[in-house]
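# quick one, structure for this:
(chains A and B)
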Amino acid sequence: MDLYTEGNPVADTRAPDGPIEGRWDSRRFNAKLVNPANRRKLTVIVVGTGLAGGSAAATLAEQGYRVRSYCYQDSPRRAHSIAAQGGINAAKNYRNDGDSVHRLFYDTVKGGDFRSRESNVHRLAEVSVNIIDQCVAQGVPFAREYGGLLDTRSFGGAQVQRTFYARGQTGQQLLLGAYQALERQVGLGNVEMNTRHEMLELIVVDGRARGIVVRDLVTGEITTEFADAVVLASGGYGNVFYLSTNAKGCNVTATWRAHRQGAYFANPCYTQIHPTCIPVSGDHQSKLTLMSESLRNDGRVWVPKAEGDDRDPREIPEDERDYYLERIYPSFGNLVPRDIASRAAKNVCDEGRGVGPTRLGVYLDFADAIQRLGRKSIEAKYGNLFEMYERITGEDPYEVPMRIYPAVHYTMGGLWVDYDLQATIPGLFVIGEANFSDHGANRLGASALMQGLADGYFVLPNTIANYLAAGPFETVEPSHPAAVEARRTVEDRIHRLLSVDGDRTVDSFHRELGQVMWEHCGMERSAAGLRKAVDEIRALREEFWQRVRIVGDADGLNQSLEKAGRVADFFELAELMCIDALHREESCGGHFRAEHQSPDGEAQRDDERFAYVAAWEYGTEQPVLHKEDLKFEYVHPTQRSYK
Amino acid sequence: MNLTLRIWRQTGPEDKGRMVTYPVEDISPDMSFLEMLDVLNERLTLAGEEPVAFDHDCREGICGMCGMMINGNAHGPQRGTTACQLHMRQFTDGETIDIEPWRARAFPVVKDLVVNRTAFDQIIAGGGFVTAPTGSAPEAHAAPVAKADADAAFESAACIGCGACVAACPNGSGMLFTAAKVTQLSLLPQGQPERYTRVIGMVDSHDDAGFGGCTNAGECTVVCPKGIPLHTIGRLNRDYLAATVKHTGRS
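Below you'll find the predicted structure:
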């Protein structure tokens, strides 16, 4: 293809061989350790304070390392993990319904449409049980049964009830647990917390990640900060679509700047479109709000059988409704995985059977559940979600079915990491949604919280020691040429952004970029559309640098300037996403290519040609593709069937 | 809808600040309050004026980052609702809306509607946790929790740390915030070993951070977007008393 070149294959050299059940034990045993007295001499920078970053910073500090933590929000408790609603998976098998570490492993590999690494996923399933223990010990108020034991519920892509939850606020409660552990370490003087600071560049010295350039968002001051290792826990890049369920501030800048410094970016085209979000209501829309997947435990998804049926949904008789998920996928019904539910919603809307003013919506109906279980019981399970829905739409979901539509929610792609969660730059570790490692081409519900905490509490604190054992590394001064250079890059860019002084706002560019991405790199992609998108993105980026207008200066709080820097990086990422989507001539998970579908419209993988991780190296002219072959020794790739 | 906004503008901590009037037109009732401010900011930018700085992030009522006084009410007129979840259908065409930052000694203004709430983090660092270093946890089912206690703990744990309680309090007290965390952890078996040191530590940090004392005015619970009940403060007071009398010998 004319848009990229191909380089040497890349290998995950850290994953041990041998039976999969023993690999994590074996890696931990063979890893080098750091003596507790020496940990005090080692500094680790952690960027981001969500489930992954918060738990990692707290745990590293507990172990005795000196930790410096950074977040752009005014408090570490605000990181977007807080908005996760539904739950966290763990193979506890408290229900005695046939769950096990192996089944969670199997479901996750299958759910990811056979595009993730078996070794990583197995480790994730193994530590899932420790996460629940850890969180309960911190005082996380999980939902409980009357007997006092933990309650669980079902999530998409699984036939067991392994999802632990705290009403519709599971992410909040887990994050507050990690945040409190982190604040305890702040109070003890083991963590230096830097809020309202944004990482704008990675500093690489002699081939190792040794620091970051940050901007104090309040004073505008730009400084260089150094450490023995840098951990990025800066989340996903769903905001490249402008409209997504992400928080407004979520951005790709930390990982993208690291990518530009040499870290490979893996599978950028794997984007999760969540099936149950509140539909767009107008041009003013600034974000989309998720309605938890857990609602599909009791809500039934349907559209009218007839096109253009405008009746009040309550007046449409049963035999004129199409409960299409139950019809097409009888064994999983409303709980099919997210990619499948989203595409099915798109299909019925494309057929003209969508509902609501824009016809881009389907019903999620609780009438049966309310009749069966009573309103009280539904209130107890989903009360906060129903209230949120009513506030946003002005409609009461206890009376009228919810209207929902898919929206961008999560990004499975991210910086490439090995089994130790180390990027291609030594000393740079990437955890949580910011890396690419565990979800393949589609993430199962309630697995993001599991992965974030697995990485932060249990995986990284073990694997990073193996790297730090070679430290402390030689002190780097701000006058080091690499630091001076990185700092100058940041200053020049800010200066350039401010000096354009054009006639369009940052948001107007971001919206337009989002429309291009949603149209051509969203739920369905095609070669022609993706090529068109690459051209449009390039033109728009050019225009951005000629016409963007930012009022104010760089010497204090300037929210437009912050946004502009993030959008500038989204432009570059967007192009790579389209190139990745174009090169992957198959459909898998959240990546659906119109040209590659089975006769009944399901995703058609091509394992012969594409059973690999696409790890992209930054190139000033063109990106360079490095392939990491995926081997499946335990879960045999088949066409996923949820029928 | 056409509205008149009167917004607090303050360039920085040293600036005295002032109310500035801005008309806004063609506002849809389906917009959120912050989307209405986005419209204003787009217009200001194109006119070469600095947009209004305000904190926000998730825009779904859970991160606690947004917060402003709207017509004198923390988070505006709708109960149980953060500013980001407040929608313009709550207002009427032609209305004048006053928008100001949280005003409290412990929350100094950074710029316009943005304040510094680091003092809340200090309260948590003062004891708002269970000491359970990673790896030390017993099996999750080792300590069952009665459902009523778990539910009550959850009710307090729902606090989003937005600071509306402080902004609404005539004394600028952060006691509802502090009590919510004390209550959550003191209802759970995991929170018992540190129950009394926690309450002392958190109240000390609260006072050190410049918050005022609680006089049970009750304004806090009215504006709390998560409905944290006032009786959590009663629970804090009981624990505090028990802690000072029985456990630390302090009076």
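
# tally up the residues packed near A:S499, please.
For A:S499, the neighbour count with other C-beta atoms under 10 Å in any protein chain shown is 8. In short, each C-beta sits where N, CA and C put it, glycine included.

# ditto for B:D15
Here the number of neighbours of B:D15 (other C-beta under 10 Å) works out to 12.

# any idea of the pLDDT on it?
On the pLDDT scale, B:D15 is placed at 97.

# report the secondary structure state of it.
When classified by DSSP: H, G, I helix; E, B strand; the rest coil, B:D15 comes out as coil.

# which parts of the stretch 51-200 of chain A are strands?
In the stretch 51-200 of chain A, the strands defined using DSSP state E, counting those that start in this stretch lie at A:66-70, A:88-89, A:152-153, A:163-164, A:191-194, A:197-205.

# do the same with chain B
B:3-9, B:18-24, B:69-70, B:73-74, B:96-100, B:109-111, B:114-115 (DSSP state E).

# quick check: A:R23 touching A:D12?
No - in this structure A:R23 lies outside contact range of A:D12 using C-beta atoms under 8 Å: 11.6 Å.

# list the residues that contact both of the two?
Common contacts of A:R23 and A:D12, defined by C-beta atoms under 8 Å, 6 or more residues apart in numbering or on different chains, comprise A:S119.

# sorry, back to before: quickly, which of the strands of the stretch 51-200 of chain A bottoms out on average pLDDT?
Here these differ in mean pLDDT, and the lowest is strand A:152-153 at a mean of 92.

# run the chain-centre distance for that one.
Distance, stretch centre to chain centre, for strand A:152-153: 23 Å (C-alpha atoms, centre = their mean, to the nearest Å).

# do that strand and chain B come into contact?
No - applying C-beta under 8 Å from any C-beta of the partner chain, one finds strand A:152-153 separated from chain B by no less than 11.3 Å.

# chain A is nearest to which of the strands of chain B?
Comparing these by their distance to chain A (C-beta to the nearest C-beta), the top pick is strand B:109-111, with 4.7 Å.

# give the rounded mean pLDDT of that closest one.
The average pLDDT for strand B:109-111 rounds to 98.

# for chain A, which spans come out with low pLDDT?
A:1 (pLDDT under 70).

# immediately after the helix ranked longest in it, which helix or strand?
If you go by DSSP state H, chain A has its longest helix at helix A:559-583. Reading on from helix A:559-583 to the C-terminus, the next helix or strand found by DSSP states H and E is helix A:607-610.

# okay, buried residues for that following helix please.
A:D607, A:F610 (16 or more other C-beta atoms under 10 Å in any protein chain shown).

# wait, what's in contact with the nearest residue to A:A52 once chain neighbours are set aside?
Spatially, and ignoring its direct neighbours in sequence, A:A52 is nearest to A:G432 (2.7 Å; C-beta to C-beta, 6 or more residues apart in numbering or on different chains). Counting by C-beta under 8 Å, 6+ apart, A:G432 touches A:G48, A:G50, A:L51, A:A52, A:G53, A:A233, A:G235, A:Q451, A:G452, A:D455, A:G456.

# same check, this time on A:R496
Neighbouring residues of A:R496 by C-beta under 8 Å, 6+ apart: A:W545.

# C-alpha coordinates for the helix or strand harbouring it, PDB please?
Assessed by DSSP H and E, A:R496 sits inside helix A:481-500. Taking Å, rounded to 0.1, in the frame of the first residue of the first chain, the C-alpha atoms of helix A:481-500 are listed here in PDB:
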ATOM      1  CA  PRO A 481      20.500  18.100  25.500                       C
ATOM      2  CA  ALA A 482      17.600  15.600  25.300                       C
ATOM      3  CA  ALA A 483      15.700  17.400  28.000                       C
ATOM      4  CA  VAL A 484      16.400  20.800  26.400                       C
ATOM      5  CA  GLU A 485      15.200  19.500  23.100                       C
ATOM      6  CA  ALA A 486      12.000  18.000  24.500                       C
ATOM      7  CA  ARG A 487      11.200  21.200  26.300                       C
ATOM      8  CA  ARG A 488      11.900  23.300  23.200                       C
ATOM      9  CA  THR A 489       9.500  21.100  21.200                       C
ATOM     10  CA  VAL A 490       6.700  21.800  23.700                       C
ATOM     11  CA  GLU A 491       7.400  25.500  23.800                       C
ATOM     12  CA  ASP A 492       7.600  25.800  20.100                       C
ATOM     13  CA  ARG A 493       4.300  24.000  19.600                       C
ATOM     14  CA  ILE A 494       2.500  26.200  22.100                       C
ATOM     15  CA  HIS A 495       3.900  29.300  20.500                       C
ATOM     16  CA  ARG A 496       2.900  28.000  17.100                       C
ATOM     17  CA  LEU A 497      -0.700  27.300  18.200                       C
ATOM     18  CA  LEU A 498      -1.100  30.700  19.700                       C
ATOM     19  CA  SER A 499       0.400  32.600  16.800                       C
ATOM     20  CA  VAL A 500      -2.000  31.200  14.100                       C
END
